[in-house]
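Q: everything below, folded, please.
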Amino acid sequence: MFSSNAYSFMCKPGIGGWSSCSNLSASQRKLLGSSSRITCCAPTNSKSHGGVVMENETNGSSTVDDFDVNPIPSGGVRDVYGEDKATEDQFVTPWSISVASGYSLLRDPHYNKGLAFTEKERDAHYLRGLLPPSVISQETQVTKMIRHIRQYEVPLHKYIAMMDLQERNERLFYKLLLDHVEELLPVVYTPTVGEACQKYGSIFMHPQGLYISLKEKGRILEVLRNWPEKNIQVIVVTDGERILGLGDLGCQGMGIPVGKLSLYSALGGVRPSACLPITIDVGTNNQKLLHDELYFGLRHKRATGQEYTELLHEFMNAVKQNYGERILVQFEDFANHNAFDLLEKYRSTHLVFNDDIQGTASVVLAGVVSALKLVGGDLTDHRFLFLGAGEAGTGIAELIALETSKRTNVPLDEVRKNIWLVDSKGLIVSSRKESLQHFKKPWAHEHEPVKELVDAVKEIKPTVLIGTSGQGRTFTKDVIEAMASINEKPIILSLSNPTSQSECTAEEAYTWSQGRAIFASGSPFAPVEYDGKVFVPGQANNAYIFPGFGLGLIMSGTIRVHDDLLLAASEALASQVTQKDYDKGLIYPPFSNIRKISARIAANVAAKAYELGLATSLPQPKDLVKFAESSMYTPLYRGYR
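A: Numbers count the residues shown, from 1 in each chain. Sure, this is the predicted structure:
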């Protein structure tokens, strides 16, 4: 509606229940393009659908003159801005003047409730006729959707269906995920997200997150400001060079930040609108992608050296400038040579967290501490052997050493001598020190070179075997039998993702150890029956840690991540394993309690942040667990006025 005092001109209701203003004369189109501004008016109690006030900026008076009441000859929808009359080679302006009502409300995933809109809401928001007459509850919608998801046999098809739901109805997506977390976590996260990233170009339908490429160098702050949400609290960013154990997937790595942030909201209760997934595209060295017509990233080799460093530095500075000191930046799936450097460079100036290095370490430490109640002894009584000396392996090793040193007051260098790593060239020993990458050097101990893993097991005699190699089936029968011959209850953690890259399966671990292994994996495995007994494998999933960890940082206003915060998260997770869980052979609590688990982790992390003087949200809440629970986003539908 164009209005001038008592005069009104009613336009045909358009998208969203607002007026699609039409039939403007040339003089009014000229006015729109020059000295006027358009103001959206809220709906009133009258029968009109609200409208648009057009004011002349020179004197502030409303202008309504010579409307052309004749329909546009082109025969299209009444066209305010001349798009229907424009030829294909002419430019038009993509105007959108709407509020969340009517048709646009049903297309807005943040506010859409589908058939759960009440009768009153349908009247108030111009939904009559746009929905079938039935009104159903959100619980019924969840039941319908889980039945729909279960109809798909292929996990990737379930993933696509879940992502489609997220694009249509955000709250229903999170309610469904939370109510069926154990069933759907492998769908939206590992292992299915790995296949989704591999095929992202072919399944890509809706843009998700923010893409920052070399084309935006020098303009990254401007790009960040293009994102519609302004109150961002956490960013998950990847450059796609090392997606899970699948290698360089370039721009298609966006599935990882999107999936991680879905879990921040579902499991940790961080508001979806406060989450921003970002992919930094510097090219890819994956030849298959470079020749794939559906690949949507930059088609050239990866930028390295100064060009890469300058782009990342501009990104980090722009993030801090745009969102402030307390914005959490989580690095995800960067290659080793960049991951360690980025974490070291920015940990003293930004609130940064690397889930592959620190999150994995925290969840594995919790599992090890928990497993001690099944095998006995303390951390100092156990010897650790890792297959894999990259981000995850060295990160876990360092956190285990820190926790052991903290408990015993033994110097860190001494504690490290009980932790051994094997990389692609064999056991990491002091004679190799000169050729090692810097993050491997602390683990180069005095020993004769050993090439094969099974020989390293026999030489080192570890009580705990941890796989972070990204190489499937490397815990062979000989390796596990060697572990079982040394230990009554060998602890075997096969952590590489996705399932195809797991060092061994649950069935192999239990069978080859004659049912004596305490086993956990990075990807989920089904229960295993051996010798008349059913074994339920645990999952050392980072989703136990990072959602609650992030919530703890956010609610306390923490400005830097200290190693003690990671230890606090591990302690909180390990403390929530019950005797009932231990009786099943589990070393992690069930995901069905994940919101309570995340709240306790958040509270423990926040308490340590306050203790260390890193928290800025003052005063400290008296009950941090209750405060964490009250801070969590709930996916239940809201009532609309």
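Q: you'd agree residue 558 is up against residue 326?
A: Yes - with contact defined as C-beta atoms under 8 Å, residue 558 reaches residue 326; the gap is 7.4 Å. From N, CA and C alone the C-beta is placed, and that goes for glycine too.
Q: and the two? which has more neighbours close in?
A: Legend: neighbour count by other C-beta atoms under 10 Å for residue 558 and residue 326, higher for residue 558 (24 against 16).
Q: does the more buried one sit in a helix, a strand or a coil?
A: Classification of residue 558 using DSSP: H, G, I helix; E, B strand; the rest coil returns coil.
Q: ok, for it, nearest residue in space, not its chain neighbours?
A: Closest residue to residue 558 apart from its sequence neighbours, by C-beta to C-beta, 6 or more residues apart in numbering: residue 609 at 4.3 Å.
Q: also residue 274?
A: In this structure, residue 274 finds its nearest non-sequential neighbour in residue 233, 4.0 Å apart by C-beta to C-beta, 6+ apart.
Q: residue 215 too?
A: Counting by C-beta to C-beta, 6+ apart, residue 298 is the residue found nearest to residue 215 once chain neighbours are left out, at 7.7 Å.
Q: make sure I have this right: that neighbour is in a helix.
A: No - counting by three-state DSSP, residue 298 is not part of a helix but coil.
Q: show me what contacts it?
A: Going by C-beta atoms under 8 Å, 6 or more residues apart in numbering, residue 298 touches 213-215, 250-251, 281-284.
Q: nearest to residue 349 among the residues you listed?
A: The shortest gap between residue 349 and any of the contacts of residue 298 belongs to residue 282, at 21.8 Å (C-beta to C-beta).
Q: can you pull the pLDDT of the closest one?
A: pLDDT, the model's per-residue confidence, is 97 for residue 282.
Q: repeat for the one 5 residues further on
A: Here, the pLDDT recorded for residue 287 equals 95.
Q: for residue 411, same thing?
A: The model reports residue 411 with a pLDDT of 94.
Q: ditto for residue 73
A: 42.
Q: and the strands in the stretch 501-641 of the chain, which stretches?
A: Using DSSP state E, counting those that start in this stretch, the strands found in the stretch 501-641 of the chain span residues 518-521, 528-530, 533-535, 538-539.
Q: among these, which is the most enclosed?
A: Highest mean neighbour count of those: strand 518-521, a mean of 27 (counted as mean count of other C-beta atoms under 10 Å).
Q: let me know the pLDDT of residue 54.
A: pLDDT, residue 54: 36.
Q: likewise for residue 556?
A: 97.
Q: what's the spacing between the closest residue to residue 553 other than its chain neighbours and residue 558?
A: Excluding the flanking residues, the one nearest residue 553 by C-beta to C-beta, 6+ apart is residue 328, at 5.6 Å. Distance, residue 328 to residue 558, by C-beta to C-beta, to the nearest Å: 8 Å.
Q: try residue 338
A: To residue 558, residue 338 is 24 Å away according to C-beta to C-beta.
Q: would you list the strands of the stretch 501-641 of the chain in CSV and tack on distance to residue 489 and mean pLDDT?
A: Below are those laid out as CSV (distance: least, C-beta to C-beta, whole Å; pLDDT from 0 to 100):
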stretch, distance to residue 489, mean pLDDT
strand 518-521, 6, 95
strand 528-530, 15, 93
strand 533-535, 12, 92
strand 538-539, 14, 89
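Q: please produce TSV containing these, extended by distance to residue 576.
A: As requested, these are exported to TSV (distance: least, C-beta to C-beta, whole Å):
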stretch	distance to residue 576
strand 518-521	15
strand 528-530	24
strand 533-535	21
strand 538-539	13
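Q: of all the ones you listed, which lies closest to residue 193?
A: Counting by C-beta to C-beta, residue 193 lies closest to strand 538-539 out of those; the figure is 14.7 Å.
Q: check which helices and strands the closest one sits against.
A: Where contact means 3 or more C-beta pairs under 8 Å, 6 or more residues apart in numbering; DSSP states H and E, strand 538-539 is packed against strand 518-521.
Q: between the two ends of stretch 630-641, how far is it?
A: Start-to-end span of stretch 630-641 (C-alpha to C-alpha, to the nearest Å) is 24 Å.
Q: measure the residue nearest to the spatial centre of the chain to residue 234 for me?
A: Geometric centre of the chain, nearest residue: residue 260, 1.5 Å, by C-alpha atoms, centre = their mean. Separation of residue 260 from residue 234 (C-beta to C-beta): 9 Å.
Q: same check, this time on residue 427
A: 39 Å.
Q: same check, this time on residue 622
A: Taking C-beta to C-beta, one finds residue 622 at 25 Å from residue 234.
Q: those two - which one has more neighbours?
A: Set residue 622 next to residue 234 and count neighbours by other C-beta under 10 Å: residue 234 wins out with 28 against 7.
Q: tell me the backbone dihedrals of the nearest residue to the more buried one once chain neighbours are set aside, please.
A: Nearest residue to residue 234, sequence neighbours excluded (C-beta to C-beta, 6+ apart): residue 328, at 4.4 Å. Dihedral pair for residue 328: phi -90, psi 120, per degrees, to the nearest 10.
Q: and for residue 328, the neighbour number?
A: For residue 328, using other C-beta under 10 Å, the count is 26.
Q: that one pairs with what?
A: For residue 328, the beta-bridge partners under DSSP bridges are residue 234, residue 351.
Q: tell me the contacts of it?
A: When contacts are counted by C-beta under 8 Å, 6+ apart, residue 328 touches 233-235, 351-353, 550, 553-554.
Q: out of those residues, who's nearest residue 488?
A: residue 353 (37.3 Å).
Q: by contact count, what packs against the helix or strand hosting that closest one?
A: Residue 353 is part of strand 351-354, with elements assigned from DSSP states H and E. Where contact means 3+ C-beta pairs under 8 Å, 6+ apart, strand 351-354 is packed against strand 328-331, helix 336-346, helix 546-556.
Q: give me that answer again for 6 Å
A: Strand 351-354 is packed against strand 328-331, helix 336-346, with contacts defined by 3 or more C-beta pairs under 6 Å, 6 or more residues apart in numbering; DSSP states H and E.
Q: pull out the buried positions in stretch 625-641.
A: Buried residues in stretch 625-641, counting neighbours by 16 or more other C-beta atoms under 10 Å, are found at 625, 627-629, 631-633, 635, 637.
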